[in-house]
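S.K.: sequence isn't available, so here's the structure alone:
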């Protein structure tokens, strides 16, 4: 099922090769390249290793999902990729980010913000806080258009109305005169999507766009994003903590843990053959169907890693049911699993003979090498 | 959240095809709030004026004796007391005075016979001018410094203005006034008059010269407090998601600071500034004393010492009214600046 | 195309950090380290003022009330370290004895005002309704009545004394403490432990005393500390107007006012007490502000 979905997605991508002529990279070429991106925050308590050496490629028109628990560094990485986080004043950055041939990681000021809103757009998690409460929807929409394009106020307003209509908001003419507090959460997120799309960006960074919304609205917004992405041939970086959400809505997935990429693969391959125990755990974790929607799902036993004093060796080892002594001391490098498209970071990749051995050993002694209790049903895969 | 959505049957029971709310309908809770507030403030007004009657009545010393003079016979004092109607009970006098106020008659000074309204009309513009000019100066200095300091906290402008502000806030008004006098009016240089007030319509330039030092004296500590307040509110606004959103649109720092962050950060500043204007209109006594300016504060203090009840009552009424009016203005300004308030019931 | 962090948009360097703090994903970046020198200087100064005020009678000082005719307008001499005033009284001695009056007024008025205002504010915040409305009215009446007139009238009615001045200033400060304590109560009353206590059927006064008061004390105390400095200035201003502590007793404001006529010829008479008052209030403000900030940092790290 996933396979078919993915094929249609790829098919669509190829269709667009010629048509996606908004300039710059055609579909299939790298639009965004991150090389060895590092972000560290120097705080009173110590250095927070938020992102440690992340490399990613995003092709034009492609949907890349970045998946991880809170504290995995996915949000910080996204903001660094866009340039919203830069070095100085206690923030340390390194590595390079290239957007469509420009090293935006070396830009600052106007040269950098020229890309924002027009080329790269951002959608934040909580629509209740991401709109300015004292400005009308229309003003917040048109300011981007007026900034990046040579249009009159009237034209910009007409476009704002069109945009609101395209994101499925009823009565767009009236909405532009309303204030954010007059709309519901789902409606507000539609507005922020409209704002993000207002200057036809070629790259959309959506940072947990549905986490703060009601469960019933989540699917609507995700489908809307997928639809707009396909129609506009945008590349999209979809950040989420919920692997199921991106199963049918992404081309590739990068799983992050403790500021590192621990596995990356085309979506169908990742679901068919997860190598990293953390990915496997994310897949097996079943969030409760009912329940408060704002609660972060604690899907995997144990706590997310301390980013100030990360564990030595594999960062996931304290929580991993298969952890062996080697995992506690030596950090595994990112290795290819057959093709360079599928990479993972694990000494005992799921499904390998070494893994089976490790699993048997841990079940036998009842704990992992890190001392985490392990029972048979926990590793039932 | 459904207040203005089309599917709001509770609010539009007629169920017309047009979902547009009636003009003013959306603002109805706000109006109710204002009406409630008005009633409250009216009670405050009555309480303040009655309280001042009681306080004045409790003051030791007989106004009749003061007015009749030291050499007056008991009969003369009694005569004065009857003339001034001081022999009647407190409540009767209050109601009588209140009746006068409603018809626009504030009475006359016990001592000089000058109508109270006239005395107030002479003094209020003086205090008003100094207060407003000082406030505007303070805001003019504080707002840019606060915005820039919030934009680059911990940098030179922030640190320098914080240090100076700390000093200014710790300096008593009268000390600062004295320093200014030494510096500009007699000591180091004599480029400005040390005392006196020149009316604006008599001599605009002289007026300007005569209010510079008093306004500077009043302004300095306020500017320091305003900067500090706006800076910290602004810093917390800059941590909001919508600022990140605004940045991600590619807006310039200047636009973000002035168009996005300033307004939602300004509410406490507005409140404080309003409270200060109300307080200062009640008399900038120290500055008036220091610079020998015939303002409302001096009038009030003299009236207390002279037991000039009518003047005192009139002046206190003005102060209370000013307080009430400014509170109303702050409420209205909130309505204009923060759309969320308009819905709060 | 080189990184430009000095002239570029500082929002680019500032806001992300701030945003991170708001999101709670990274902590606010602050320069770690010890308290700056000013912190210690402020405490040393305050300590010196308080100690010398408390132990003034034990110190080898001139009698602050006795004029020395050789010391009229006197400059700095080995006998009179800070010179003499218009009557030849010793400035240093008067400043130290003046500190007793200033500190006594400041501290007592704040304690009284904070106690009354704090309790009333908690009642208003907890019970709401009619209690709150009545207190709001009282607050507004006090605020709408010119404070100076109130003090003058109070002194005129009850007589001019330190006690009456303290009572007057305390009354004037009550509305602010009511508002502060009410606001703090409103936030605390929403917390689980208060709701739980309510659900268990605890009596309101017990909840206020046991659950709410401990949480209201801190903000009220922090504000009260700064108010001490404000009241020292207010006392000085009243003395300056001749309405404060009656003349034979030395007070800072009275000394500054006393030297006013000779400001141009003998500035030191006003200057020394003014400088002492300034430094004292500055120290109080500095310590108060820094304490408040650290309190805030802890809050945001929660």
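M.R.: Yep, it's here. As the structure is a prediction and not an experimental result, all values here were calculated from the model.

S.K.: and chain A, what are its domains?
M.R.: Using automatic domain parsing, the domain parsing of chain A gives A:2-250, A:268-289+A:298-379.

S.K.: buried deepest among those, which one?
M.R.: domain A:2-250 (a mean of 20; mean count of other C-beta atoms under 10 Å in any protein chain shown). All C-beta spots, glycine's among them, are computed from the backbone N, C-alpha and C.

S.K.: tell me if that domain is near chain C.
M.R.: Yes. Using C-beta under 8 Å from any C-beta of the partner chain, domain A:2-250 comes into contact with chain C via A:41-45, A:48, A:50, A:70-71, A:75-76, A:79, A:83-91, A:103, A:106-113.

S.K.: please name the nearest non-neighbouring residue to residue A:146.
M.R.: residue A:156 (5.2 Å; C-beta to C-beta, 6 or more residues apart in numbering or on different chains).

S.K.: that neighbour falls within a helix, correct?
M.R.: Yes. Under DSSP: H, G, I helix; E, B strand; the rest coil, residue A:156 sits within a helix.

S.K.: tell me the contacts of residue 57?
M.R.: Just so you know, I chose chain A. A:30, A:32, A:33, A:34 (C-beta atoms under 8 Å, 6 or more residues apart in numbering or on different chains).

S.K.: residue A:148 too?
M.R.: A:117, A:118, A:199, B:250.

S.K.: what do you get for residue A:372?
M.R.: A:301, A:302, A:318, A:319, A:320, A:321, A:323.

S.K.: same question for residue A:348.
M.R.: A:277, A:322, A:324, A:327, A:354, A:355, A:357, A:358.

S.K.: what about the second one, which SS state?
M.R.: Classification of residue A:322 using three-state DSSP returns coil.

S.K.: hang on, it packs against residue A:357?
M.R.: No. Counting by C-beta atoms under 8 Å, residue A:322 sits too far from residue A:357 to count as a contact (9.4 Å).

S.K.: could you pull up phi and psi at the residue lying closest to residue C:193 once chain neighbours are set aside?
M.R.: Nearest non-adjacent residue to residue C:193, counting by C-beta to C-beta, 6+ apart: residue C:211, 6.1 Å away. For residue C:211, the backbone dihedrals (degrees, to the nearest 10) come out as phi -100, psi -40.

S.K.: my read: residue C:211 touches residue C:194, true?
M.R.: Yes. With contact defined as C-beta under 8 Å, residue C:211 and residue C:194 form a contacting pair (5.1 Å).

S.K.: okay, and the common contacts of the two?
M.R.: In contact with both residue C:211 and residue C:194: residue C:188, using C-beta under 8 Å, 6+ apart.

S.K.: before we move on, the earlier item: how about the domains of chain A in JSON lines, adding distance to residue C:229 and mean pLDDT?
M.R.: JSON lines is the format used below for these (distance: least, C-beta to C-beta, whole Å; pLDDT from 0 to 100):
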{"stretch": "domain A:2-250", "distance to residue C:229": "29", "mean pLDDT": "84"}
{"stretch": "domain A:268-289+A:298-379", "distance to residue C:229": "39", "mean pLDDT": "83"}
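
S.K.: wait, which of the contacts of residue A:148 is closest to chain C?
M.R.: residue B:250 (10.7 Å; C-beta to the nearest C-beta).

S.K.: secondary structure class for residue C:63?
M.R.: Per three-state DSSP, residue C:63 ends up coil.

S.K.: among the contacts of residue A:57, which one sits closest to chain B?
M.R.: Nearest to chain B, judged by C-beta to the nearest C-beta, of the contacts of residue A:57 is residue A:32 at 15.1 Å.

S.K.: chain neighbours aside, what residue packs nearest to that closest one?
M.R.: Using C-beta to C-beta, 6+ apart, the nearest residue to residue A:32 is residue A:58, at 4.2 Å.

S.K.: hmm, back to that, ok, how many other residues are close to the residue nearest to residue C:193?
M.R.: When counting by other C-beta atoms under 10 Å in any protein chain shown, one arrives at 20 neighbours for residue C:211.
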